[in-house]
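> A predicted structure for the sequence below; I have some questions about it.
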Amino acid sequence: MSEHFLVTGGNRLEGEVLVGGAKNSVLKLMAAALLAEGTTVVTNCPDILDVPLMADVLRGLGCEVELEDSEVRITTPAEPKYHADFDAVKQFRASVCVLGPLVARCRRAVVALPGGDAIGSRPLDMHQSGLRLLGACSEIEHGCVVAEADDLHGANIRLVFPSVGATENILMAAVLARGETVIDNAAREPEIVDLCNMLNEMGAKVSGGGSSTLTIQGVRKLEPTTHRVIGDRIVAATWGVAASMTRGDVRVRGVNHKHLGLVLDKLRTAGAEVTPEVDGFRVIQRERPKAVNFATLPYPGFPTDLQPMAIGLAAVAEGTSMITENVFESRFRFVEEMIRLGADARTDGHHAVIRGVPVLSSAPVWSSDIRAGAGLVLAGLVADGTTEVHDIFHIDRGYPRFVENLRGLGGVIERVGSE
Ligand code: UD1
């Protein structure tokens with residue numbers, strides 16, 4: 001039995017929505033619990049499918065994991081297992097973040113190559129070359145990344161691209177390595193800063209979080225801690241863009257607006273009044289949005305995870321927008337679904353040109369990943385008639401209480417089962 005959404009367009013979104021903890025942070029913080037024997041508590045966890053999936057990965061490694069409301073308690077044994085098999089990791093890519101902690105703790109890791117979103121090739125070469133510089137051998141064997149190290153030592157590591165996942169894995173291995181590690185061209189995402197903060201609370205010595213140079217003095221042992229996940233900036237921005245597209249008035253809470261500087265500027269360019277608030281921001285759009293150009297880049301650039309929403313906004317904006325995807329080459333597959341909804345869009349390589357139309361036209365569409373799914377629902381909100389959005393399990397992986405939140409803002413959406 002699979003489910004789909006029925007989204008009926010035409011309503012202006014109005015009201016307030018509270019955002020939970022960041023998906024792209026919580027999964028790494030849960031993996032970091034492997035670094036210390038004892039009970040680590042992570043609070044403000046979002047109610048999304050990837051959290052129980054990560055809990056299963058950790059259970060497979062010998063941890064006890066309890067999930068209650070928005071809290072997860074992970075008790076890590078003195079000697080975790082080092083093999084995360086395919087059944088555990090196949091459903092989501094972020095599971096690969098156990099690699100660094102396992103190498104640090106067990107000096108050995110076997111992690112099946114993960115599944116995940118269909119947004120482009122996602123190699124692990126930078127993760128592996130970083131671990132090698134720390135003294136580990138790392139190969140791909142029988143569908144698994146295998147890493148082993150007798151002695152993990154500090155190193156100077158320069159990433160060829162500021163990969164989020166590679167920065168996290170190398171960081172989590174380096175905290176228990178002997179001596180100093182410097183990671184240059186490190187990713188600067190707020191979720192990396194969240195991880196650095198939690199590691200420091202556990203007794204690690206990491207400095208430079210949020211800059212492109214991370215310096216880590218290895219320590220012998222870490223202790224468990226209790227840590228609150230930062231708010232999800234991608235979910236928050238999704239509601240902000242939805243407000244702009246529907247000419248609505250939405251207050252988003254539970255997020256640091258500073259994590260969305262460029263995104264909020266783009267909404268202003270589209271004609272929205274955007275007001276930063278203590279724990280979020282408010283977006284009011286009175287007229288039809290204006291065309292805006294977007295180019296995705298690593299943080300603090302415009303997030304690739306918001307590219308589908310940017311395309312949705314451009315599709316109904318007045319004028320022509322140019323959108324450039326610089327991070328994941330296959331993300332433009334989503335544009336085919338937008339064309340089905342009546343968008344006037346063309347892609348050429350990693351560029352898309354979108355001529356805005358006043359209103360989209362409802363149609364059945366298919367989500368190919370979490371963010372594409374959310375982008376299609378937003379498009380459905382500004383289409384005439386009722387749009388069917390299929391493969392919505394993707395959306396459930398990243399957006400907590402999606403239907404309830406959207407309905408709370410006045411959106412018309414229904415979850416229906418289908419054979
Ligand atoms: C994370 C986020 C994802 C976001 C992405 C970029 C999580 C769970 N996922 O994914 O939502 O879209 O950051 O902001 O946090 N690359 C290599 N070799 C490597 C590693 C990466 O070539 O070893 C390439 C990738 O193919 C991609 C680019 O680097 O083109 C960025 O990937 P990366 O930053 O690693 O993304 P993820 O950590 O997988």
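Thanks, I have the structure now.
> centroid residue for the protein?
Among the residues of the chain, the one closest to the centroid is Asn24, at 4.0 Å (CA atoms, centre = their mean).
> secondary structure element for that residue?
When elements are assigned from DSSP states H and E, Asn24 belongs to helix 23-32.
> same question, Asp56
Secondary structure assigned from DSSP H and E places Asp56 in helix 50-60.
> Same check on Leu199?
Going by DSSP H and E, Leu199 is in helix 190-201.
> how far off helix 50-60 does the helix holding Asn24 point, in degrees?
Taking axes from the mean of the first three to the mean of the last three CA atoms, to 10 degrees, helix 23-32 and helix 50-60 form an angle of 10 degrees between their directions.
> Partner strands of the next helix or strand along the chain from helix 23-32, with direction?
The helix or strand immediately downstream of helix 23-32 is strand 38-43, counting by DSSP H and E. For strand 38-43, the paired strands and their directions (DSSP bridges) are strand 71-76 (antiparallel), strand 226-228 (parallel).
> What mean pLDDT does the longest one get?
The reference is to strand 71-76. Average pLDDT, strand 71-76: 98.
> What strands line up against the helix or strand following that strand, and which way round?
Tracing the chain past strand 71-76, the next element assigned as helix or strand by DSSP H and E is strand 83-84. Taking DSSP bridges as the criterion, strand 83-84 sits next to strand 108-112 (parallel) in its sheet.
> Convert the C-alpha atoms of the strand it pairs with to CSV, please.
As requested, the backbone C-alpha atoms of strand 108-112 are provided in CSV (Å, rounded to 0.1, in the frame of the first residue of the first chain):
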residue,chain,number,x,y,z
ARG,A,108,37.8,-0.8,12.2
ALA,A,109,34.6,-0.1,10.2
VAL,A,110,32.7,-2.0,7.6
VAL,A,111,29.8,0.1,6.3
ALA,A,112,27.6,-1.1,3.4
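> which helices and strands sit right next to whichever helix or strand comes after that strand?
Once the chain leaves strand 108-112, the next helix or strand it forms, by DSSP H and E, is helix 125-133. With contacts taken as 3 or more CB pairs under 8 Å, 6 or more residues apart in numbering; DSSP states H and E, helix 125-133 sits against helix 99-106, strand 137-141, strand 144-148, strand 156-158, helix 164-174. Heads up, the C-betas are built off the backbone N, CA and C, glycines and all.
> now the angle from the first one to strand 71-76?
Here helix 99-106 runs at an angle of 40 degrees relative to strand 71-76 (the same axes, to 10 degrees).
> Go ahead and produce PDB holding the CA coordinates of helix 99-106.
Listed in PDB are the C-alpha atoms of helix 99-106, where the atom choice follows Å, rounded to 0.1, in the frame of the first residue of the first chain:
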ATOM      1  CA  LEU A  99      32.100   5.500   9.400                       C
ATOM      2  CA  GLY A 100      34.200   8.100  11.100                       C
ATOM      3  CA  PRO A 101      33.100   7.300  14.700                       C
ATOM      4  CA  LEU A 102      33.600   3.600  14.100                       C
ATOM      5  CA  VAL A 103      37.100   4.000  12.900                       C
ATOM      6  CA  ALA A 104      37.800   6.300  15.900                       C
ATOM      7  CA  ARG A 105      36.300   4.000  18.500                       C
ATOM      8  CA  CYS A 106      36.900   0.500  17.100                       C
END
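> relative orientation of that helix and strand 137-141 in degrees?
Here helix 99-106 runs at 120 degrees with respect to strand 137-141, directions being taken by the same axes, to 10 degrees.
> Could you check how sure the model is about helix 99-106, as an average pLDDT?
Across helix 99-106, pLDDT averages out at 96.
> Now do the same for Asp150: its pLDDT.
On pLDDT, Asp150 comes in at 90.
> Is it in a helix, a strand, or coil?
coil (DSSP: H, G, I helix; E, B strand; the rest coil).
> Setting aside sequence neighbours, what's the nearest residue to it?
Leaving aside its chain neighbours, Asp150 sits nearest to Arg107 (6.8 Å; criterion: CB to CB, 6 or more residues apart in numbering).
> mind listing what the one you found touches?
Shown in contact with Arg107 (CB atoms under 8 Å, 6 or more residues apart in numbering): 148-150, 152.
> tell me what the following helix or strand past the helix holding Asp56 is packed against?
Following the chain from helix 50-60 toward its C-terminal end, the next helix or strand by DSSP H and E is strand 64-68. Based on contacts counted as 3+ CB pairs under 8 Å, 6+ apart, the elements that strand 64-68 packs against are helix 50-60, strand 71-76.
> please redo it, this time with the cut-off set to 10 Å
Using 3 or more CB pairs under 10 Å, 6 or more residues apart in numbering; DSSP states H and E as the contact criterion, the secondary-structure elements in contact with strand 64-68 are strand 38-43, helix 50-60, strand 71-76.
> so can I have a markdown table of these showing distance to Glu388?
Conversion of the helices and strands packed on strand 64-68 to a markdown table gives the following (distance: least, CB to CB, whole Å):
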| stretch | distance to Glu388 |
| --- | --- |
| strand 38-43 | 36 |
| helix 50-60 | 25 |
| strand 71-76 | 34 |
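> rank these by pLDDT, which is bottom?
Mean pLDDT per stretch puts helix 50-60 lowest among these, at a mean of 94.
> okay, now Gln307: neighbour count?
Here the neighbour count serves as a burial measure; for Gln307 (other CB atoms under 10 Å) it reads 28.
> Apologies, that question was intended for Cys137.
The burial count assigned to Cys137 is 12, neighbours taken as other CB under 10 Å.
> what does Ala32 give?
Burial measure for Ala32: 29 neighbouring residues, criterion other CB under 10 Å.
> so it touches Cys97, yeah?
Yes - taking CB atoms under 10 Å as the definition, Ala32 is a contact partner of Cys97 at 8.5 Å.
> Give me the common contacts of these two.
Common neighbours of Ala32 and Cys97, using CB atoms under 10 Å, 6 or more residues apart in numbering, are 168, 172, 195.
> Quick one: which of those is the most crowded by neighbours?
Highest neighbour count within the shared contacts of Ala32 and Cys97: Glu168, with 30 neighbours (other CB under 10 Å).
> now that one: how far from the ligand?
From Glu168 over to the ligand the distance is 7 Å, taken as CB to the nearest ligand atom, to the nearest Å.
> swap in Val377?
18 Å.
> Does that residue belong to a helix, a strand or coil?
Three-state assignment for Val377 (three-state DSSP): helix.
> In this structure, where is pLDDT below threshold?
For the chain, the stretches with pLDDT under 70 are 1, 115-121, 418-419.
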